[in-house]
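# predicted model and sequence follow; I will ask about them next.
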Amino acid sequence: MSKVVEISPTTRHEGHSKLVLKVNDAGIIETGNWCSITPVRGVEKLAVGKTPEQVPKIASRVCGICPIAHTLAATEAMEASIKCEIPKDAKMLRHILQLANRLHSIALHDILILPDFYLPGTETKINPFTAEEPVRTVAKRIQRLREIGQTIGQIAGGEAVHPSNPRVGGMYRNCSEQAKTKMYDLAKEGVVLAKAQMDLMIDILRNYQAREFVDVGGMKVALPKTLGYHNQGYLATHPFYGCSSLDECPSWSLDRFKEARPWDWYMGEMEVSLEEPKYPVGGTTKIGTKVNPQMEACTGIPMYDGAPVEVGPRARLVTYKNYDEKGTVGQNIAREMEYTDCLYEMIDCIDALNPNGKVVADYIPKGDGSLGWAANEAPRGTDVHLARVKDWKVQYFSMLVPTTWNFATCSAALTGAPWQLAEVIMRGYDPCVSCATHMIVLDEDNKLVAQKLIQ
Amino acid sequence: MLYPEIVIAGCGNPLFADDGFGPAVIEEMQNLSLPDNVAIIDAGLGGPHFIFTLLDPEKTKKLVIVDIADFGAEPGTITKLRVEDLPPGAYRDAHSWDLAEPLQRIKDQIDITVIGCQPAKVTAPEFELGLSEEVQDAIPKVIRVILETIGVDYGTTIKCLQEERQRGTAEGSGSTEIR
């Protein structure tokens, strides 16, 4: 008979989420629901009536981890609505900022997933904060990669956390010749470190993959070869940056998108019937607790061509580089492979940047109320913002953030795995849950969003 | 490398009314000309992982955090807190790591001061823009406290602050609360 186990809250990612799992007698997941429990806050409503300059600043505040992706996507959605083409050097600065953000994010993700894995050649799980070698050197390297990402981002974006340089119509400032050299030097230093880090992480992941059993909180758990496999499709709009026009990127079209309501998708009310106090951190939810993912889930279920899709590093590699490894390990390896790609691309962008070039468009239209969208390839996947600007006032604004896409896909990927490894699968998606809770409002008839917008 | 000797971080989210106090203070401080060894950063929600976990104790000696704090006083009242005074989870890394907190990891190597302002309203989870009047009025005062904490004599501000405090003590207010 199936039992119900709940892991709440899930750890080592951003925001608040939980896993409700229906498992069989052997502890294998029959149905898995991964849901956000961070409340919906309604940034879309707040944006209406503001100027296009204010809205990207508001969007950048919805999440502490992704301000860069949201600033860029919101700014470009405004530009798409008012039909403003930005100068090439502004584009290059934005690309550099985007890649710096990605570099920082991959390095951070390494720290978050390392404790799930073993030091190759030993039976020791990795604690990234230990003072012992060789982990200490690795931790220092990760910190240095984060510093490099942050510093380059600060130079290109104007500020360390919330970028102040991007504006509707381009960037406020270009950088100096010295700043360009500094970014270049840092990126060159980063390439060497990132290569070494990527190789090590791939070793660690392959070592994990080859094991028959793994340890979770003292429990010996059989590791399935198909950990994290799913049959959903992939969605990516650009290998590095993103796009805001169908001419540039025919793979993302608003017409092919619709959103299902969580209550059609998640399981209904149940009672927890399996409890494991040994599960890190602090055990699972107590037996007898009522759970109701349908009502508790805070996000809608976005569908592309009628089904949930995966977004993120693997989706980019599958779409643009013929990558084909499935499962959680394949997904983590795809992310590691973006390390060096991201730095080489950054070096190309820095090369192409002319510090004397103009970075603001000559003419910035006021907007005629047409719908604009921008898809930004954030570290975690496609971050789509939609906007309508008329007479320099925002009439409509909406955000469709990466982790929202992945909730349903990851839920499907949980099936067939031992419940103790559900969090390992979830972390493969590098979830950022707090910014994933901004629901796109759809009417009951499930009409296409595009139709609703254009009426 | 990334952060200099003195770091001032304004934490909080401007989308939740008074929670935007920290970033508002930083915005105001950007009008001041400060020594090169001071960085003022609008940390937003990203303080724990973009700043606190990236500080190099060999370089950074002092960290001042500006935020709202509920200590049961009148809205707009300011207090200074040490890391030990903070409730558990106050600056937990958003990644809910191993529940160890970044400030606990660095507090023995870096001198940390938290300057807290009592909010009038925090609207989470609902979004609302703009600070309440009491909290808005506290900004100049808090900047004087920050400048005093980092030992920058910005014209007459510190002197004024000390005079104000002496008056406060004479009236019998005392403690760490600054009125």
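Nice, I can see it. Everything quoted here is computed from the prediction, not taken from an experiment. Numbering: from 1, shown residues only, chains lettered A, B, ... in the order given.

# rest of the way, CA atoms for contacts and neighbours
Fine.

# tally of neighbours for residue B:72?
9 (other CA atoms under 10 Å in any protein chain shown).

# beta partners for the most centrally placed residue in chain B?
Taking CA atoms, centre = their mean, the centroid of chain B lies closest to residue B:66, which sits 1.2 Å from it. When assigned by DSSP bridges, residue B:66 has beta-bridge partners residue B:10, residue B:115.

# which other helices and strands does the top helix by length along chain A contact?
For chain A, the longest helix by residue count, based on DSSP state H, is helix A:177-209. With contacts taken as 3 or more CA pairs under 8 Å, 6 or more residues apart in numbering or on different chains; DSSP states H and E, helix A:177-209 sits against helix A:135-157, helix A:327-352.

# buried residues, the first one. List them.
This points to helix A:135-157. Using 16 or more other CA atoms under 10 Å in any protein chain shown as the test for burial, helix A:135-157 gives A:135, A:138-139, A:141-157.

# out of those, which touch chain B?
A:143, A:146-147, A:150-151 (CA under 8 Å from any CA of the partner chain).

# pipe the residues you listed into TSV and attach pLDDT per row.
Formatted as TSV, those follow (pLDDT from 0 to 100):
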residue	pLDDT
A:143	91
A:146	93
A:147	93
A:150	93
A:151	94
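
# where are the low-confidence patches of chain B?
B:1, B:87-100, B:155-162, B:164-165, B:168-179 (pLDDT under 70).

# and the helices in it, which stretches?
Under DSSP H, chain B gives helices at B:21-29, B:102-106, B:133-149, B:157-170.

# for those, which one sits closest to residue A:278?
Nearest to residue A:278, of all the helices of chain B, is helix B:102-106, at 25.3 Å by CA to CA.

# name the residues of stretch B:138-150 that are buried.
B:138-139, B:141-150.

# now these as JSON lines including distance to chain A?
Below are those laid out as JSON lines (distance: CA to the nearest CA, whole Å):
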{"residue": "B:138", "distance to chain A": "23"}
{"residue": "B:139", "distance to chain A": "21"}
{"residue": "B:141", "distance to chain A": "25"}
{"residue": "B:142", "distance to chain A": "22"}
{"residue": "B:143", "distance to chain A": "20"}
{"residue": "B:144", "distance to chain A": "24"}
{"residue": "B:145", "distance to chain A": "24"}
{"residue": "B:146", "distance to chain A": "20"}
{"residue": "B:147", "distance to chain A": "21"}
{"residue": "B:148", "distance to chain A": "25"}
{"residue": "B:149", "distance to chain A": "23"}
{"residue": "B:150", "distance to chain A": "21"}
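
# and those, which is closest to residue B:119?
Out of those, the member with the shortest distance to residue B:119 (by CA to CA) is residue B:138, at 10.1 Å.

# which residue is the nearest non-sequential neighbour of that closest one?
Nearest non-adjacent residue to residue B:138, counting by CA to CA, 6 or more residues apart in numbering or on different chains: residue B:76, 5.4 Å away.

# circling back to that earlier point, of the helices and strands packed on helix A:177-209, which is nearest residue B:11?
helix A:135-157 (17.7 Å).

# what is the burial count for the residue nearest to residue A:17 when sequence neighbours are not counted?
Nearest residue to residue A:17 in three dimensions, chain neighbours excluded: residue A:36, at 4.3 Å (CA to CA, 6+ apart). Residues lying near residue A:36 (other CA under 10 Å) number 28.

# so how far is chain B from residue A:36?
Distance of residue A:36 to chain B, computed by CA to the nearest CA, to the nearest Å: 14 Å.

# OK, contacts around the residue nearest to residue A:82 when sequence neighbours are not counted?
Of all residues not flanking residue A:82 in the chain, residue A:367 sits nearest, at 4.1 Å (CA to CA, 6+ apart). If you count contacts by CA atoms under 8 Å, 6 or more residues apart in numbering or on different chains, residue A:367 has them with A:81-83, A:388-392.

# the same query, at a cut-off of 6 Å, please.
Counting by CA atoms under 6 Å, 6 or more residues apart in numbering or on different chains, residue A:367 makes contact with A:82, A:389-391.

# just the buried ones among the residues you listed, please.
Judged by 16+ other CA under 10 Å, buried ones among those: A:82, A:389-390.

# redo the residues you listed as TSV? Include secondary structure and distance to residue A:165.
Shown next, in TSV, are the buried ones among the contacts of residue A:367 (DSSP: H, G, I helix; E, B strand; the rest coil; distance: CA to CA, whole Å):
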residue	secondary structure	distance to residue A:165
A:82	helix	20
A:389	strand	21
A:390	strand	24
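
# distance check, residue A:267 against residue A:32.
To residue A:32, residue A:267 is 9 Å away according to CA to CA, to the nearest Å.

# name the residue in the two with the higher neighbour count.
The neighbour count for residue A:267 versus residue A:32, taken as other CA under 10 Å, is higher for residue A:32 (27 against 19).

# using the three-state scheme, assign that one.
strand (DSSP: H, G, I helix; E, B strand; the rest coil).

# excluding its backbone neighbours, what's nearest it?
In space, residue A:32 is closest to residue A:21, 4.5 Å off (CA to CA, 6+ apart).

# what pairs with the one you found across the strands?
Bridge pairing for residue A:21 - DSSP bridges - gives residue A:5, residue A:32.

# list the residues that contact it.
By CA under 6 Å, 6+ apart, the residues touching residue A:21 are A:4-5, A:32.

# for residue B:146, see how far away residue B:163 is.
Distance from residue B:163 to residue B:146, by CA to CA: 16 Å.

# so who does the closest residue to chain B within the stretch 351-455 of chain A touch?
Nearest to chain B, among the residues of the stretch 351-455 of chain A, is residue A:432, at 8.8 Å (CA to the nearest CA). Residue A:432 is in contact with residue A:14, counting by CA under 6 Å, 6+ apart.

# do that again at 7 Å, thanks
A:13-15, A:403 (CA atoms under 7 Å, 6 or more residues apart in numbering or on different chains).

# burial measure for residue 3, as a count.
Using chain A. So residue A:3, with other CA under 10 Å, has 18 neighbours.

# that was the other one, I meant chain B.
Residue B:3 has 21 nearby residues by other CA under 10 Å.

# need the buried ones among the contacts of residue A:367 in JSON lines (columns: pLDDT).
Compiled in JSON lines, the buried ones among the contacts of residue A:367 are given as follows (pLDDT from 0 to 100):
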{"residue": "A:82", "pLDDT": "96"}
{"residue": "A:389", "pLDDT": "96"}
{"residue": "A:390", "pLDDT": "96"}
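
# nearest residue to residue 112 other than its sequence neighbours?
I went with chain A, as the question did not name one. Counting by CA to CA, 6+ apart, the residue nearest residue A:112 is residue A:12, at 5.6 Å.

# switch to chain B, that's the one I care about
Nearest one to residue B:112, counting by CA to CA, 6+ apart, is residue B:63 at 4.8 Å.

# cool, and residue B:109?
Using CA to CA, 6+ apart, the closest residue to residue B:109 is residue B:57 (5.9 Å).

# measure that neighbour to residue B:107 for me?
Taking CA to CA, one finds residue B:57 at 10 Å from residue B:107.

# next: residue A:204.
32 Å.

# got it, and residue A:257?
As defined by CA to CA, residue A:257 lies at a distance of 49 Å from residue B:107.

# coming back round to it: which one of the contacts of residue A:21 sits closest to chain B?
residue A:5 (20.8 Å).

# ok, the closest one - how many residues close by?
29.

# ditto for residue A:245
Neighbours around residue A:245, by other CA under 10 Å: 15.

# tell me the centre residue of chain A?
Short answer for chain A (CA atoms, centre = their mean): residue A:380, at 1.9 Å.

# state the pLDDT value of the residue nearest to that one when sequence neighbours are not counted.
The spatial neighbour of residue A:380 that comes closest, neighbours along the chain excluded (CA to CA, 6+ apart), is residue A:312 at 4.7 Å. At residue A:312, the model reports a pLDDT of 95.

# give me the neighbour count for the residue nearest to residue B:109.
16.

# where's it relative to residue A:150, distance?
17 Å.

# can you check residue B:15 too?
Following CA to CA, the distance that separates residue B:15 from residue A:150 is 24 Å.
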